[in-house]
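# I would like to see how this sequence folds:
(one chain, ligands or ions: 1)
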Amino acid sequence: MVRMQVNLPPDLDPDLRERLVAAEKEYSQGLQREGKIAAIWRVSGQFANYCLFDVADHEELHACVSGLPMFGWISTQVEALSRHPNAIG
Ligand SMILES: O=C(O)C[C@H]1C=CC(=O)O1
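As a prediction, the model looks like this:
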């Protein structure tokens, strides 16, 4: 599970901002179609999200996250999750 806080500068060129948002959407939806992002949620009221990744290892996670077009402006917090022994689903 990765929390991403996006820190685009407020004075970023509006055209660049628009291109980054569009590129981010295309890249993110590609990972979702491939099943590498299993779920994504917006943190209400913040330019931040939680992404649940379904990847083989830390290297694949890093490749996915560092490929984000906004990677240079994103702070991440990673929590490694494993199946809970009491889970029924
Ligand atoms: O809008 C965001 O939260 C940034 C970003 C990271 C992945 C994604 O789909 O969007």
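# what residues does the chain put near the ligand?
Counting by Cβ under 6 Å from any ligand atom, the chain comes close to the ligand at 4, 6, 24, 28, 40, 49, 68, 70. Heads up, the C-betas are built off the backbone N, CA and C, glycines and all.
# and which of those residues is nearest the ligand?
Nearest to the ligand out of those is residue 28 (Cβ to the nearest ligand atom; 2.9 Å).
# sorry, back to before: of the residues of the chain next to the ligand, which belong to helices?
The helices, defined by DSSP state H, take in 24, 28 from those.
# among the residues of the chain next to the ligand, which one has the most neighbours?
Neighbour tally across these (other Cβ atoms under 10 Å): the maximum, 22 neighbours, falls on residue 4.
# list the contacts for that residue?
Shown in contact with residue 4 (Cβ atoms under 8 Å, 6 or more residues apart in numbering): 48, 49, 50, 51, 65, 68, 74, 75, 76.
# including pLDDT, could those residues go into TSV?
Output for those, formatted as TSV (pLDDT from 0 to 100):
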residue	pLDDT
48	98
49	98
50	98
51	98
65	98
68	98
74	98
75	98
76	98
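# now a ChimeraX select for only the buried ones of those residues.
Selecting only the buried entries of the contacts of residue 4 in ChimeraX, with 16 or more other Cβ atoms under 10 Å as the criterion:
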select :48,49,51,65,68,74
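# who does the residue sitting nearest the centre point of the chain form a beta bridge with?
Residue closest to the mean C-alpha point of the chain, counted by Cα atoms, centre = their mean, is residue 51 at 5.0 Å. Beta bridges link residue 51 to residue 2, residue 40 when assigned by DSSP bridges.
# is it correct that it is in contact with residue 5?
No: if you go by Cβ atoms under 8 Å, residue 51 and residue 5 don't touch, sitting 12.0 Å apart.
# looking at the contacts of residue 4, which is nearest residue 35?
Within those, proximity to residue 35 (Cβ to Cβ) peaks at residue 51, which comes in at 12.8 Å.
# all set now, cheers.
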